[in-house]
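A.B. asks: Predicted coordinates and the sequence they were generated for:
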Amino acid sequence: MVLMPVMLFQFAVATAHASDDATIIMYHRFGEGRLPSTNISLEMFDAHLATIKNNGWVVLPLAEIVAKLKSGEDLPDKALAITIDDAFLSVYEEAFPRLQSYGYPFTIFVATKAIDQNLKGYATWDQIREMRAAGVTIGSQSHSHPHMHQLSLDEARQEITTSNARFLKELGEEPVFFAYPYGEYSLPVRDMIKDMGFEAAFGQASGVAHASIDSYEWPRFAFNENYGDTKRLTMAVEAMALPLSDMTHPSMVLETNPPFIGFTVDEGIEPLNRLICFASGMGRVDTIPLGRRIEIRLPEPITSPRSRINCTMPVLEDGKETGRFRWLGRQFLLN
């Protein structure tokens with residue numbers, strides 16, 4: 001059962017056509033300018049909320065988006081979910097009242113150890129309970145917020161067992177959604193999260209959630225001071241999924257370097273000749289079309305501990321560009 005009591009939200013009214021995908025956006029800190037890589041300024045966050053309202057985008061509970069993507073039910077076009085990682089104090093003091101004033105549902109992913117230790121700069125269990133009572137969904141981000149792909153499976157499982165026990169004691173229920181700390185995971189960790197009963201799990205690669213992507217690897221667009229303007233927000237919410245199958249090198253953890261990456265794009269998704277891909281530190285990289293199969297070749301090995309590949313393709317209607325893009329993002333880790 002999702003940790004969110006019944007509550008009436010003031011959703012924006014959408015007149016656009018139905019969709020089979022949704023954008024999930026994520027934040028960490030609010031108004032904590034000393035930490036710009038995980039912070040968004042209050043002025044920019046206010047601009048985000050106003051942009052969402054003024055554009056009539058539909059903010060839905062994460063649980064509704066997950067359920068409809070899994071069941072194949074339609075979602076409103078440009079539907080989005082708002083998520084926040086780590087339960088910093090600024091979430092309670094700054095984001096919570098602002099989101100309440102707009103009536104927007106959101107999800108907080110909590111790593112329980114920092115809350116248990118009453119660390120400075122984090123919300124308390126009382127504050128988390130207050131937000132939950134107001135309709136906020138509480139998700140898990142493990143106990144100690146480790147790099148989970150570097151743990152043994154027994155250690156990773158203990159992280160979840162420990163945090164679930166704390167959620168059960170403090171909130172009376174265990175979360176059903178999980179966010180990987182730092183957005184990092186291995187395929188065995190992903191499968192362990194699934195086996196432990198979570199309904200969906202989320203990373204930090206950019207992209208749009210869609211049924212063709214494993215529901216334990218759904219992407220989220222992250223926002224901070226460096227990547228946080230309303231132009232990027234608009235791009236993210238108006239982005240569409242790139243439905244695909246047969247992904248090679250599905251693991252985030254590199255086994256060969258450079259990785260050989262390929263996928264098959266679903267029938268009817270065009271124009272494939274306009275698909276382009278970019279890799280961290282390398283710029284645009286080669287894409288080799290083989291019918292509906294796309295093979296990506298990197299010019300050199302990946303050297304950064306964390307790197308990304310993003311592929312985009314313009315959306316056309318009646319042969320004309322709409323200004324929207326299909327988006328696929330993948331994150332890679334040097335073990």
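C.D. replies: Nice, I can see it. Residues are numbered from 1 along each chain as shown.
A.B. asks: which stretches of the stretch 51-200 of the chain form helices?
C.D. replies: 62-71, 89-90, 96-102, 112-116, 125-133, 153-171, 187-195 (DSSP state H, counting those that start in this stretch).
A.B. asks: could you give the mean pLDDT of the third one?
C.D. replies: Right, the one you point to is helix 96-102. For helix 96-102, mean pLDDT rounds to 98.
A.B. asks: so what does that helix touch, helix or strand wise?
C.D. replies: Contact here means 3 or more CB pairs under 8 Å, 6 or more residues apart in numbering; DSSP states H and E; on that basis helix 96-102 packs against helix 42-55. Where C-beta positions appear, they are placed from N, C-alpha and C, glycine not excepted.
A.B. asks: Give the buried residues for the helix it packs on.
C.D. replies: L42, M44, F45, A47, H48, L49, T51, I52, N55 (16 or more other CB atoms under 10 Å).
A.B. asks: With distance to L35 and pLDDT as extra columns, can I get the residues you listed in TSV?
C.D. replies: Converted to TSV, the buried residues of helix 42-55 look like this (distance: CB to CB, whole Å; pLDDT from 0 to 100):
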residue	distance to L35	pLDDT
L42	14	98
M44	14	98
F45	15	98
A47	20	98
H48	18	98
L49	21	98
T51	24	98
I52	24	98
N55	29	97
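A.B. asks: Going by distance to R330, which of those wins?
C.D. replies: The shortest approach to R330 among these belongs to H48, at 25.5 Å (CB to CB).
A.B. asks: The closest one contacts L233, doesn't it?
C.D. replies: Yes. Here H48 reaches L233: they are 5.5 Å apart, a contact under CB atoms under 8 Å.
A.B. asks: export the helices of the stretch 51-200 of the chain to CSV and tack on mean neighbour count and distance to G283?
C.D. replies: Shown next, in CSV, are the helices of the stretch 51-200 of the chain (neighbours: other CB atoms under 10 Å; distance: least, CB to CB, whole Å):
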stretch, mean neighbour count, distance to G283
helix 62-71, 18, 32
helix 89-90, 20, 35
helix 96-102, 15, 37
helix 112-116, 20, 38
helix 125-133, 16, 42
helix 153-171, 16, 35
helix 187-195, 18, 28
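A.B. asks: Is it possible to get CSV of the buried residues of helix 42-55 that adds distance to K68?
C.D. replies: Compiled in CSV, the buried residues of helix 42-55 are given as follows (distance: CB to CB, whole Å):
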residue, distance to K68
L42, 32
M44, 30
F45, 27
A47, 28
H48, 24
L49, 24
T51, 24
I52, 19
N55, 21
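A.B. asks: circling back to that earlier point, please render the helices of the stretch 51-200 of the chain as JSON lines that adds distance to S19 to the earlier fields.
C.D. replies: Converted to JSON lines, these look like this (distance: least, CB to CB, whole Å):
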{"stretch": "helix 62-71", "distance to S19": "10"}
{"stretch": "helix 89-90", "distance to S19": "32"}
{"stretch": "helix 96-102", "distance to S19": "22"}
{"stretch": "helix 112-116", "distance to S19": "35"}
{"stretch": "helix 125-133", "distance to S19": "29"}
{"stretch": "helix 153-171", "distance to S19": "32"}
{"stretch": "helix 187-195", "distance to S19": "25"}
